[in-house]
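In: Any chance you can model this:
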Amino acid sequence: MEPKRSLAGDLVTLYALDALEPELAMRQLRALTRLYGFVDGADTEYFRSRIRAQGAPAAVARAALQGVLGDADRLALLAQARLVYESYWSVLDTLSTGENR
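Out: Down below sits the predicted model:
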């Protein structure tokens, strides 16, 4: 049985992932154009739209989170956000280097 998760914990997870989107999209766009010869245009519009969003989905998650914080353990939520952030970059680093840990 899956452990019970809190809405605040889920929102922190969404926030942590969505806050990374603009930077990640910029890196992906750079790799596509520099390493794989993509021409900036229709083929890269998806990544440009993620950059233009400037973390708007993260702002929605943050606003929702502020509405449910109440008695939530803020240190635990901070630890959750850090774990998500570090885990996500670890996966990306592994993919980019081809290492299998």
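In: and residue 80, what does it touch?
Out: Residues near residue 80 by C-beta atoms under 8 Å, 6 or more residues apart in numbering: 9, 12, 13, 16. C-betas here are computed from N, CA, C, even on glycine.
In: and the biggest helix by length in the chain, what does it pack onto?
Out: Secondary structure of the chain per DSSP state H: the longest helix is helix 7-34. The helices and strands touching helix 7-34, judged by 3 or more C-beta pairs under 8 Å, 6 or more residues apart in numbering; DSSP states H and E, are helix 45-52, helix 56-68, helix 74-97.
In: Tell me what angle the second one forms with helix 45-52.
Out: Comparing the axes of helix 56-68 and helix 45-52 via axes from the mean of the first three to the mean of the last three C-alpha atoms, to 10 degrees yields an angle of 40 degrees.
In: For the most centrally placed residue in the chain, list the residues it contacts.
Out: Of all residues in the chain, the one closest to the mean position by C-alpha atoms, centre = their mean is residue 17, 2.2 Å from it. Counting by C-beta under 8 Å, 6+ apart, residue 17 makes contact with 84, 88.
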